[in-house]
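[1] predicted coordinates and the sequence they were generated for:
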Amino acid sequence: MGLYEEPIFRIAGDRGLLVELGDEIDPQINKTVRILNLLILRSNIQGVVETIPTYRSILVYYDPIKIEVRELCVIIRKLASKKQEITLPEPKLIEIPVCYGGEFGPDIEIVAQSHNLTIEEVIKLHSQPLYQIYMMGFTPGFPFLGVLPELLATPRLSTPRLQVPAGSVGIAGNQTGIYPITSPGGWNLIGRTPLKLFSPERKEPFLYAPGDFIRFRPISLEEFQEIHGKEYGDSSS
């Protein structure tokens, strides 16, 4: 179906409203999500606590004491009809240096063998595209990026790791992403960036936002250590 003509509303618990705008991972659907999300935020709707934009929908948390869900649906439906009246902020392009393979990319051989590729070909294929950030979530600042080259699409691990180091770059299905903090995870790890992607003490805690673009730049171990030392104040990896 692609992009819906009108939003579809689904109740998500006693304080959540899921607003679905399409049924695919698609740049136009995601753009519509980001526009509507911005309209909701700018409208300062009484009772709306938080919005979480995703690939194709928005989860709206609200206070049921301050606004009824039926009224909220009416307001959002009206806003959706105005979605072409605003312009999104200009997206940024962020270059992410990545040291591929070795201890930083323990699954890069799995990806290579799955597609009869060399490790060098995996690195080249992964670092060539310009990836759009479709959504952020799972952990603070985790960017879900698309679209990964078809030759690299690889199922996630059957058994997730209990601990994935911060900065790890992974592949799951036709998506790629970066772990901003140390956390569990089941993506195939192919490399690591020395950048500090999430820093709550910064004025802007994240280096990027949904709608921005990311390009990966392969670097050596020596470059990784140098950048890591500047980012974290040491020379460890």
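    That came in fine, so what should we check first? This one's a predicted model, so the numbers in the text were calculated from it and none came from an experiment.

[2] how is this protein divided into domains?
    Here the domain assignment for the chain is 3-85, 93-232, based on automatic domain parsing.

[3] just for the protein, where's the confidence low?
    83-85, 234-237 (pLDDT under 70).

[4] tell me the buried residues in stretch 119-127?
    119, 122, 123, 125, 126, 127 (16 or more other CB atoms under 10 Å). Bear in mind the C-beta positions are built from the backbone N, C-alpha and C, glycine included.

[5] mind checking the longest helix of this protein?
    helix 27-43 (DSSP state H).

[6] name the helices or strands packed onto it?
    Helix 27-43 sits against strand 3-11, strand 16-22, strand 48-53, strand 57-62, helix 69-80, strand 131-136, with contacts defined as 3 or more CB pairs under 8 Å, 6 or more residues apart in numbering; DSSP states H and E.

[7] convert the C-alpha atoms of the last one to CSV, please.
    The reference is to strand 131-136. Output of strand 131-136 as CSV, limited to C-alpha atoms (Å, rounded to 0.1, in the frame of the first residue of the first chain):
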residue,chain,number,x,y,z
TYR,A,131,22.6,6.4,4.6
GLN,A,132,19.5,8.2,5.8
ILE,A,133,18.7,8.1,9.5
TYR,A,134,15.1,6.7,9.5
MET,A,135,14.7,6.7,13.3
MET,A,136,16.5,6.6,16.6
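
[8] by contact count, what packs against it?
    Counting by 3+ CB pairs under 8 Å, 6+ apart, strand 131-136 packs on helix 27-43, strand 143-146, strand 213-218.

[9] list the contacts for the residue of the chain positioned farthest from its centre?
    Using CA atoms, centre = their mean, the residue of the chain lying farthest from its centre is residue 65. It sits 32.3 Å away. By CB atoms under 8 Å, 6 or more residues apart in numbering, the contact list for residue 65 reads residue 47.
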